Structure formats: structure tokens, C-alpha cells
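**Student:** turn this into a model:
(one chain, ligands or ions: 1)
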Amino acid sequence: MALSDSQLKFFADFIEAKLGIIYVKDNYYQLIKRLEDIATQMNFSNVEELWQKAQPGIFGQMRMLLLDLATNNETSFFRDPSIFKFIDEKILGSAEFSGDNPPPLRIWTCATSTGQEVYSLAMLLNVWQRLNPKRSFTYLATDFSERVLDQAKAGRYSQLEVQRGLPATMLVRHFHNESKGEASGSHSPGWMVNEELKKNITFKQQNLVEDFSALKPFDLVLCRNVLIYQNVENKIKIIQKIADKIVPNGFLVMGAAESLTGLSDAFELRQFERGAMYQKKPGK
Ligand SMILES: C[S@@+](CC[C@H](N)C(=O)[O-])C[C@H]1O[C@@H](n2cnc3c(N)ncnc32)[C@H](O)[C@@H]1O
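**Tutor:** Take a look at the predicted model:
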């Protein structure tokens, strides 16, 4: 049995309230597909039963599945390579980040998905560190979804995933073939990130719509391809909260197709060949 638009809106409103992710009516077809998946996973006979069970309130497994399946987790190693080139050439070489005894650089990827983004940074900065041994880095990698964070923490990737954007030299240096002991369940053997690369990365669940004022300030924040799903009001609030967590002259990297225009005046736009990067204004 199909759900009416007002029944679908009930689920869409819940997702927007908890995650800020908006389902406009034109995208209800995606929502229906996801609700069908949840009904199957919860052993309900159809989406109508799911709707009925949700009426007293959405909790527990239903809440987890609904919010988890509402997110788009698309990512890949070195996604939008020109951004990584810019971080390498312009940010790490900038006056703000140099000095004789620099403290560890604090980096946050705030919608890290299955981890390719933070591991790409760690691989890039590892090259930098070998040339500048005094330089060290710590990473916080967060996402709302526990499911994607589990993969990120495990650092396990399929052949297909490592073929998307990961240079062979980096694969050889930072990954090993999954051993029998590491493999579990029925999946085919994959590639595991070496512990050496993981050691400075902390993975943690964080919903950007919720409070994160307890986090210590960062020198560099990557907030890529997550705010596109938020309404303008939420985008403004989240960017302000992120700005409050970046040191003066620190950097914010958005997705290649994203911009802060009309959302924040806390940053100076720094343009480069194929994208943009934002530097926090002192005093903001
Ligand atoms: C499209 S992926 C982007 C991954 C990576 N940043 C990149 O650009 O390749 C978006 C990620 O944002 C996460 N996300 C969506 N809404 C969120 C929220 N309110 N708080 C934290 N993470 C959220 C999703 O779980 C998903 O993993």
C-alpha cells in the first residue's frame, strides 16, 4: 500500500527536525524507497505498517535506520583533487602554519562519511611531515551516521573503493591486504588502512545540527558536501558554529560546488584555479 503525501511529510518533517536534511515533495520518491528498505529491515509487511508503528513516536532502531538512510554518504579518496593540491601548496606552506617549533596542527573533517576524506588528508600530510619532521597533525573525523563511522574506524575498503582516486603509491604505502583474521562475515577481502596512518585520527559521532561548543579550536576544517542538504537558516547557524571553532587565520574548506556567499562574513575568500577556500578573519 502506498503512503499519501501527508504520511510521507510526517517522516520528512522528522528527518528535517533531527538532521536538518530537507526532502522537498519532488524528492519523495527517494524517501519512499528508503522507507521501503526500513520496513523490510524491521520485518514489517509494508510501509503502511511502518507508518502506523511510527505514530506514537520514532525511537530506537526505527530512528537509527530512518536518520541513517536519509543521508547520502557518497565520497571517495582525494575527491576534488585540486582542493587537496591547494591544502598541500597554499595552506601548509602559509606563514600561519610555519615556525620553528610549531604545535600540532588540529584538523577536523566534520562530515567524514566512510573515512576516505580524512585518510586522504592524513596520507597527503604524511608526505609533508616526512619533509618537515617537526610538523605534526591531529585529526578529528566526525559524522552523524554510526554506520559510516564504523567503516571509517575499521579503515577497510573494497577494491572498487581504492580504485576511486587513490594513487597506487599511496595504496602500497598506507594499506595492506585484509588478512583472514581481519576479515569477517561474507564480504570479499579488502584493503586495510595501516595503523600508522590511523594513529592520530579520532573518529566520533557528531550531528552538526546539535551543539559542538565543547570542541577545541581547529586550524583547518573540511566541511564538504554536507550543507547542500540543509536549509539556509541551518547553513548559517552551522557555519557560525564552525567559525567559532576555527582559530584566527585558520582555514575552512567547502565542497567544490559550495560557497559561503550570503551565509557568513567571518571568512575571507581565497580563490585558486578550480575552487575556493575560506580563511577566518582575525577578530571574527
Ligand atoms: C555526501 S557525504 C560527504 C562526505 C565527504 N565530506 C566528501 O565530501 O566526500 C555527506 C555526509 O554528511 C553526513 N551528514 C549529513 N547530515 C549530517 C549532520 N546533520 N551532521 C553530521 N553529519 C551529517 C552524512 O552522514 C554523510 O556521511
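**Student:** tell me the secondary structure at the spatially most central residue of the chain.
**Tutor:** Central residue of the chain (Cα atoms, centre = their mean): residue 111, 1.8 Å from the mean position. Following DSSP: H, G, I helix; E, B strand; the rest coil, the label given to residue 111 is coil.
**Student:** surely it meets residue 224?
**Tutor:** Yes: with contact defined as Cβ atoms under 8 Å, residue 111 counts as touching residue 224 (6.9 Å). (Glycine included, C-beta is placed from N, CA and C.)
**Student:** contacting residues around the residue nearest to the residue nearest to the centre of the chain when sequence neighbours are not counted?
**Tutor:** Excluding its sequence neighbours, the residue lying closest to residue 111 (Cβ to Cβ, 6 or more residues apart in numbering) is residue 226, at 3.5 Å. Shown in contact with residue 226 (Cβ atoms under 8 Å, 6 or more residues apart in numbering): 110, 111, 208.
**Student:** is the first one in contact with residue 220, as I believe?
**Tutor:** To tie it back to what came earlier, the one meant is residue 110. No: between residue 110 and residue 220 there is no contact under Cβ under 8 Å: 11.2 Å.
**Student:** all strands of the stretch 1-150 of the chain, in order?
**Tutor:** When assigned using DSSP state E, counting those that start in this stretch, the strands of the stretch 1-150 of the chain occupy the ranges 105-109, 137-143.
**Student:** out of those strands, deepest packed?
**Tutor:** Across the strands of the stretch 1-150 of the chain, averaging neighbours per residue (mean count of other Cβ atoms under 10 Å) puts strand 105-109 on top, at a mean of 24.
**Student:** for that one, output the C-alpha coordinates as PDB.
**Tutor:** Below are the C-alpha coordinates for strand 105-109, written out as PDB (Å, rounded to 0.1, in the frame of the first residue of the first chain):
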ATOM      1  CA  LEU A 105      48.000  21.300  13.600                       C
ATOM      2  CA  ARG A 106      44.400  20.500  14.500                       C
ATOM      3  CA  ILE A 107      42.200  19.300  11.600                       C
ATOM      4  CA  TRP A 108      38.500  18.500  11.600                       C
ATOM      5  CA  THR A 109      36.600  16.700   8.800                       C
END
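**Student:** I'd like the mean pLDDT over it, please.
**Tutor:** Average pLDDT, strand 105-109: 96.
**Student:** do stretch 154-161 as well
**Tutor:** Mean pLDDT, stretch 154-161: 95.
**Student:** is that stretch in proximity to the ligand?
**Tutor:** No: counting by Cβ under 6 Å from any ligand atom, the ligand is not contacted by stretch 154-161; separation bottoms out at 12.1 Å.
**Student:** picking that back up, give me phi/psi at the residue nearest to residue 111?
**Tutor:** Torsion angles at residue 226 (phi, psi; degrees, to the nearest 10) stand at phi -120, psi -40.
**Student:** so which bits of the stretch 1-150 of the chain are right by the ligand?
**Tutor:** Counting by Cβ under 6 Å from any ligand atom, the residues of the stretch 1-150 of the chain close to the ligand are 19-21, 71-75, 79, 111, 113, 117, 143-145, 148.
**Student:** again, 5 Å this time
**Tutor:** Contact residues, the stretch 1-150 of the chain versus the ligand (Cβ under 5 Å from any ligand atom): 19, 71-75, 79, 111, 113, 117, 143-145, 148.
**Student:** any of these buried? List them.
**Tutor:** 19, 71, 75, 79, 111, 113, 117, 143, 144, 145, 148 (16 or more other Cβ atoms under 10 Å).
**Student:** now do the third one, the pLDDT please.
**Tutor:** Read it as residue 75. For residue 75, the model assigns a pLDDT of 98.
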